[in-house]
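Chemist: this one's sequence-less:
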C-alpha cells in the first residue's frame, strides 16, 4: 500500500463519518468496495493511510 500517511486506526463509525456514508452501508459493502481492513481482536479497524490510498485509486476525474 502507500508508504506515507497516518497509521491511525479508525473504527467503522469514524470511517463511515469520514466517507459520508452510513455505518450500515460501510459494514455491508467494505469488502465489495475493496477497502482494506484490519482486525484488532474481534473489532474491525481501518488504517487512515490505506483508506487514503484506496480513495486515490478510486477517484473519478
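Modeler: The structure has been received and is ready for your questions. Predicted model only: the values in this text are computed from it and were never measured.
Chemist: against residue 25, how distant is the closest residue to residue 26 other than its chain neighbours?
Modeler: Using C-beta to C-beta, 6 or more residues apart in numbering and skipping the chain neighbours, the partner closest in space to residue 26 is residue 16 (4.4 Å). To be clear about C-beta, it is placed using only N, CA and C from the backbone, and glycine gets the same treatment. Note on residue 16: its distance to residue 25, by C-beta to C-beta, to the nearest Å, is 7 Å.
Chemist: compare those two (neighbour count), which wins?
Modeler: residue 16 (19 against 12; other C-beta atoms under 10 Å).
Chemist: and what about that one, helix, strand or coil?
Modeler: helix (DSSP: H, G, I helix; E, B strand; the rest coil).
Chemist: check the one 5 residues further on too.
Modeler: Reducing the assignment to helix, strand or coil with three-state DSSP, the entry for residue 21 is coil.
Chemist: now residue 56: which helix or strand?
Modeler: Using DSSP states H and E, the element containing residue 56 is helix 48-57.
Chemist: chain center to that helix: distance?
Modeler: Its chain's C-alpha centre and that of helix 48-57 lie 8 Å apart, by C-alpha atoms, centre = their mean, to the nearest Å.
Chemist: other SSEs contacting it?
Modeler: Secondary-structure packing of helix 48-57 (3 or more C-beta pairs under 8 Å, 6 or more residues apart in numbering; DSSP states H and E): strand 9-10, helix 12-19.
Chemist: any idea of the mean pLDDT in that helix?
Modeler: What helix 48-57 shows for mean pLDDT is 94.
Chemist: before we move on, back to that, kindly reformat the helices and strands packed on helix 48-57 as a markdown table containing mean pLDDT.
Modeler: Listed next are those as a markdown table, based on pLDDT from 0 to 100:
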| stretch | mean pLDDT |
| --- | --- |
| strand 9-10 | 96 |
| helix 12-19 | 96 |
